[in-house]
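A.B. asks: Coordinates only, no sequence provided:
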């Protein structure tokens, strides 16, 4: 059974101080992982210590029973249906799914109807989030008008309105001249450019990774070169302009090598990966499971291992859900005809915990890629348990087993790639600005 807070009072509500006891405090920014207690008051973290003796009157004590207390997750790549396709997902329903997944802040992509390419629409997203969402929502604006890839938007006005980044949306900005201008202005206005790293012409009509598996299924393939060609072009433009470039989702091991070399050469660029690409591969598609049809596509096991290695050594900076809701009309089709995308807010943390349980990465490093680094890249507070930081927290048991049942998920759309999958790790409580917005009770 799960309980959610109401969005009516939102973050304007001031709750009583909270004292978390018997907790495993993991602060990815400080690199600490130790038993202790944490005190929250006035929407901020007041203190962490082995034992806190001075507690404000009226404080609520929460016995964590050994569960992890960590900074709330920050998901910097989330698609919602609002405005324009509220039947798929609203900011409110997405916020409930986020809260159930331990996500206290998410950045919504500009692929809406209308496209978020104007300061008034950036303001609309923020106002709707304040009125309907139970977690923090920050808007990513379109880098070009209508996401058409030809005419730049007004970066300065978008930033003033509250945009934390710009993006080409689901498609790469293909025109090199336009991309050069976008990166130049991103440098001047300190706005990261989140790029979908795929050459659409080279990807063609492909629907999954180009490999023997695709041939056996009789499906057109998308070569890894479609990603590499676009990534290498973009990195050269980033070098030329000094712009703030972020490769939104890498899917191929060779792409990790390319990004690693660029960072070694001193280029200030970053990269992300989706939880699906870290935990699934092309063979999970099985008998044409359309909920695993994604862009970029799931690739081979060698690619998955290369992505994990890139995450472990810091080449890949962030993990995203790439939450992309679709209904049965667009997903329950023949594989080649179904829409790309899967939901992922509620399963982001438990799915990535597979990498901890398998020994591929330590928990603080994993949490850094889902809280500290995305907060830094977007220029927002979060990702730390330091005194004075926002009291945006997640409490979770990394060992609790459960099975993903789509009907139990909070998202309006149910296109999860983890349908009936066994998970190990569950969010117990999510706190935003010192207020419990989600609580799980077995």
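C.D. replies: Now that the structure is in, tell me what you want to look at. Every value quoted in this text rests on a predicted model; they were computed, and no experiment measured them. Residues are numbered from 1 along each chain as shown.
A.B. asks: Can you list the residue ranges for helices in the chain?
C.D. replies: Here the chain has its helices, by DSSP state H, at 91-100, 119-132, 155-161, 176-189, 200-203, 212-217, 225-241, 253-264, 275-279, 301-312, 328-331, 348-357, 363-367, 373-378.
A.B. asks: can those go into a markdown table with extra columns for distance to residue 399 and mean pLDDT?
C.D. replies: For every residue, glycine as well, the C-beta is placed using N, CA and C. Below are the helices of the chain laid out as a markdown table (distance: least, CB to CB, whole Å; pLDDT from 0 to 100):
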| stretch | distance to residue 399 | mean pLDDT |
| --- | --- | --- |
| helix 91-100 | 18 | 98 |
| helix 119-132 | 33 | 98 |
| helix 155-161 | 42 | 98 |
| helix 176-189 | 42 | 97 |
| helix 200-203 | 40 | 97 |
| helix 212-217 | 33 | 96 |
| helix 225-241 | 35 | 98 |
| helix 253-264 | 30 | 98 |
| helix 275-279 | 17 | 98 |
| helix 301-312 | 21 | 98 |
| helix 328-331 | 32 | 89 |
| helix 348-357 | 8 | 98 |
| helix 363-367 | 12 | 98 |
| helix 373-378 | 25 | 98 |
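A.B. asks: can the ones you listed go into a markdown table with extra columns for mean neighbour count?
C.D. replies: Listed next are the helices of the chain as a markdown table, based on neighbours: other CB atoms under 10 Å:
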| stretch | mean neighbour count |
| --- | --- |
| helix 91-100 | 27 |
| helix 119-132 | 18 |
| helix 155-161 | 18 |
| helix 176-189 | 18 |
| helix 200-203 | 14 |
| helix 212-217 | 14 |
| helix 225-241 | 20 |
| helix 253-264 | 19 |
| helix 275-279 | 25 |
| helix 301-312 | 19 |
| helix 328-331 | 14 |
| helix 348-357 | 22 |
| helix 363-367 | 21 |
| helix 373-378 | 23 |
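A.B. asks: Output those helices in TSV, with distance to residue 395 appended to each entry.
C.D. replies: Converted to TSV, the helices of the chain look like this (distance: least, CB to CB, whole Å):
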stretch	distance to residue 395
helix 91-100	12
helix 119-132	23
helix 155-161	34
helix 176-189	36
helix 200-203	41
helix 212-217	40
helix 225-241	37
helix 253-264	32
helix 275-279	20
helix 301-312	24
helix 328-331	33
helix 348-357	11
helix 363-367	13
helix 373-378	19
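A.B. asks: Which of the ones you listed sits closest to residue 290?
C.D. replies: helix 328-331 (5.1 Å; CB to CB).
A.B. asks: how much distance is there from that closest one to the middle of the chain?
C.D. replies: Here helix 328-331 is found 23 Å from its chain centre; the criterion is CA atoms, centre = their mean, to the nearest Å.
A.B. asks: Relative to residue 434, how far out is residue 181?
C.D. replies: The gap separating residue 181 from residue 434 is 42 Å, by CB to CB, to the nearest Å.
A.B. asks: coming back round to it: which one of the helices of the chain lies nearest to residue 42?
C.D. replies: helix 119-132 (19.4 Å).
A.B. asks: by contact count, what packs against the closest one?
C.D. replies: helix 91-100, strand 136-142, helix 155-161 (3 or more CB pairs under 8 Å, 6 or more residues apart in numbering; DSSP states H and E).
A.B. asks: okay if I get these as TSV plus distance to residue 398?
C.D. replies: Output for the helices and strands packed on helix 119-132, formatted as TSV (distance: least, CB to CB, whole Å):
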stretch	distance to residue 398
helix 91-100	16
strand 136-142	24
helix 155-161	38
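A.B. asks: Minimum distance to residue 297: which of these has it?
C.D. replies: Judging these by CB to CB, what sits closest to residue 297 is strand 136-142, at 23.0 Å.
A.B. asks: quick one: the closest one to helix 119-132, angle?
C.D. replies: 160 degrees (axes from the mean of the first three to the mean of the last three CA atoms, to 10 degrees).
A.B. asks: Residue 46 is nearest to which of the helices of the chain?
C.D. replies: helix 373-378 (19.7 Å).
A.B. asks: ok, residues contacting that closest one?
C.D. replies: Applying CB atoms under 8 Å, 6 or more residues apart in numbering, the contact partners of helix 373-378 are 71, 74-76, 105, 107, 138, 164-165, 192, 246, 270, 317-318, 320, 381-383.
A.B. asks: of all the helices of the chain, which lies closest to residue 25?
C.D. replies: With CB to CB as the criterion, residue 25 lies closest to helix 363-367 of the helices of the chain, at 10.6 Å.
A.B. asks: which regions of the chain lie under the pLDDT threshold?
C.D. replies: Residues of the chain meeting the criterion pLDDT under 70: 1-2, 8-14.
A.B. asks: if you set the cut-off to 90 instead, what comes out?
C.D. replies: 1-15, 328-329, 332, 441-442 (pLDDT under 90).
A.B. asks: In stretch 44-53, which of the residues would be classed as buried?
C.D. replies: Neighbour-count burial for stretch 44-53, counted by 16 or more other CB atoms under 10 Å, picks out 44, 45, 46, 47, 48, 52.
A.B. asks: Now go through the residues you listed and say which are in strands.
C.D. replies: 44, 45, 46, 47, 48 (DSSP state E).
A.B. asks: so what's residue 155 up against?
C.D. replies: 166, 185, 186, 188, 189, 191.
A.B. asks: Also residue 423?
C.D. replies: 347, 350, 351, 353, 401, 402, 403, 404.
A.B. asks: For the last one, grab phi and psi.
C.D. replies: What that stands for is residue 404. phi -80, psi 120 (degrees, to the nearest 10).
A.B. asks: So the closest residue to it other than its chain neighbours versus residue 394, what's the distance?
C.D. replies: Once flanking residues are discounted, residue 404 sits nearest to residue 418: 4.5 Å by CB to CB, 6 or more residues apart in numbering. Using CB to CB, residue 418 is found at 19 Å from residue 394.
A.B. asks: likewise residue 235?
C.D. replies: From residue 235 over to residue 394 (counting by CB to CB), the distance is 34 Å.
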